[in-house]
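Undergrad: any chance you could fold what I've pasted below:
(one chain, ligands or ions: 1)
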Amino acid sequence: MRKVIAIYPGSFDPPTNGHLDLIERGSKIFDELIVAVLRNSEKAPLFSLAERRLMLENLTDHYKNVRVDTFDGLMVDYAARVDAGAVLRGIRAISDYEYELQMALMNRKLRPELETVFMMPAEQYSYLSSRLVREIAQLGGSVEGLVPEAVEQRLKERLDPAVKLKNARNPNAGKRR
Ligand code: PNS
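TA: Numbering: from 1, shown residues only. Take a look at the predicted model:
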């Protein structure tokens, strides 16, 4: 039988527990899942593409059928290049649906043979987004339980002036994967 390769595209700035929940679910139903990080030049990301890629690689290295890649241009063209038959997207709430439906139908128009598969993350992640995580962390709030520990640490390093100062003095301090 034909192997089903799926891509899970997104910005992942930063990766959250909701993303990991979806990767876990996707890894169970697809033969191969490619987490595809968008090289987006329009938005100024908090984490560079290389940082996001590395974080995702570390967080998913225990899955044999998951790999991480980056892409730019049209997602459907990238899907064709890696021979993917499906795109995985998460739907958290009804509010996601309109945008996701529009995107799925537009992608279908561009490449009819590519199927979009929606999955729901666990309900405790239904209000979670990278944008809110960035905002909370930037304003000094706790993101414990919302992102993996390694990501929480990276956010602290990136945003806490005291940690930044300490790391500048001792470049090896606080390095965790
Ligand atoms: O994590 P995000 O920001 O919700 O992911 C959005 C993403 C990367 C899936 C979407 O912006 C995308 O596919 N961009 C690539 C450009 C493209 O194909 N645009 C046409 C979409 S119909």
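
Undergrad: helices along this structure, start to end?
TA: 17-29, 49-60, 75-81, 94-110, 130-138, 149-159, 161-169 (DSSP state H).

Undergrad: what parts of the chain come near the ligand?
TA: Within reach of the ligand by Cβ under 6 Å from any ligand atom, the chain has these residues: 9, 10, 11, 38, 74, 75, 103, 106, 107. Where you see a C-beta, it was placed from the backbone N, CA and C, and this is true even at glycine.

Undergrad: can you pull the contacts of the residue nearest to residue 51 when sequence neighbours are not counted?
TA: Take residue 51 and drop its neighbours on the chain: the residue closest to it by Cβ to Cβ, 6 or more residues apart in numbering is residue 154, 7.3 Å away. For residue 154, the contact set (Cβ atoms under 8 Å, 6 or more residues apart in numbering) comprises 14, 47, 51, 55.

Undergrad: quick check: the farthest pair among these?
TA: Spatially, the most separated pair among the contacts of residue 154 is 14 and 51, at 8.5 Å (Cβ to Cβ).

Undergrad: so between those two, which is more surrounded?
TA: residue 14 (27 against 15; other Cβ atoms under 10 Å).

Undergrad: what about the closest residue to that one other than its chain neighbours, how many neighbours?
TA: Closest residue in space to residue 14, ignoring its immediate chain neighbours: residue 151 at 5.0 Å, by Cβ to Cβ, 6+ apart. The burial count assigned to residue 151 is 26, neighbours taken as other Cβ under 10 Å.

Undergrad: cool, residue 144 as well?
TA: 8.

Undergrad: now the helices of the chain in TSV, with distance to residue 67 and mean pLDDT?
TA: Shown next, in TSV, are the helices of the chain (distance: least, Cβ to Cβ, whole Å; pLDDT from 0 to 100):
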stretch	distance to residue 67	mean pLDDT
helix 17-29	11	98
helix 49-60	8	97
helix 75-81	14	98
helix 94-110	21	95
helix 130-138	21	95
helix 149-159	18	94
helix 161-169	30	63
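
Undergrad: who are the contact partners of residue 10?
TA: Counting by Cβ under 8 Å, 6+ apart, residue 10 has contacts 19, 35, 36, 37, 38.

Undergrad: equivalent analysis for residue 142, please.
TA: Here residue 142 is in contact with residue 136 (criterion: Cβ under 8 Å, 6+ apart).

Undergrad: and it, how far from residue 63?
TA: 28 Å (Cβ to Cβ, to the nearest Å).

Undergrad: out of the contacts of residue 154, which is nearest to residue 89?
TA: Nearest member of the contacts of residue 154 to residue 89, counting by Cβ to Cβ, is residue 14, at 18.3 Å.

Undergrad: quick check, pLDDT for that closest one.
TA: pLDDT, residue 14: 97.
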